[in-house]
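J.: Have a look; sequence and predicted model below, questions after that.
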Amino acid sequence: MANPLLQFHLGVGLISERKYAAAAESLSRAEQLADQPLTTSGAASTGDKAFELHVYALCMSGQTTRAQELSRGAWEQFLGDKGVKAGSMSDAALPPFWLWMKETFRIDPRVDTAVH
């Protein structure tokens, strides 16, 4: 299925069935498809939500190292788009979702796993 919305909803359904590894794959596809040009309306916001749920599904399937790597890469991209270096934001406050991810799974996008 090449529609990001379909992949997103498939991933959400798989989460509800506790099939986290399969959900992570579907949500990853939703992200990738949402980033492509000429996607359907609402794909960008779907891609953002798919990313968060992708990271969550990875954590729930025991793939926390991969989840940390993905979150760190997204954090660096986000800051880079704003012209800020990631190292200078190591103490920045996290949005509520990421604060919960840190408290629940120890996933902190501000932490570079290559250094630790």
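T.: Nice, I can see it.

J.: give me every residue that touches Ala92.
T.: Arg110 (CB atoms under 8 Å, 6 or more residues apart in numbering). The C-beta positions use only the backbone N, C-alpha and C, and glycine is treated the same way.

J.: List the buried residues of the helix or strand of the chain with the lowest mean pLDDT.
T.: None of the helices or strands of the chain scores lower by mean pLDDT, DSSP states H and E than helix 43-60, at a mean of 87. By neighbour count on 16 or more other CB atoms under 10 Å, the buried set for helix 43-60 is 43, 46-47, 49-60.

J.: do the same with stretch 93-113
T.: Trp98, Met101, Lys102, Phe105, Ile107, Asp108, Pro109, Arg110, Val111, Asp112.

J.: Where does pLDDT dip in the protein?
T.: 1, 37-45, 114-116 (pLDDT under 70).

J.: Could I get the full set of helices for it?
T.: Along the chain, counting by DSSP state H, helices occupy 4-16, 20-35, 43-60, 64-81, 96-105.

J.: what residues go with each domain of the chain?
T.: 1-62, 68-111 (automatic domain parsing).

J.: what separates the longest one from the chain centre, distance-wise?
T.: Same thing as domain 1-62. Distance of domain 1-62 from the chain centroid (CA atoms, centre = their mean, to the nearest Å) equals 9 Å.

J.: What of stretch 64-83?
T.: 9 Å.

J.: And stretch 60-75, by the same measure?
T.: Distance, centroid of stretch 60-75 to centroid of chain: 8 Å (CA atoms, centre = their mean).

J.: Same question for stretch 92-105.
T.: The chain centre lies 13 Å from the centre of stretch 92-105; the measure is CA atoms, centre = their mean.

J.: Give me the contacts around stretch 18-29.
T.: 1, 4, 7-8, 10-12, 14-15, 50-51, 53-54, 57-58, 60-61, 63.
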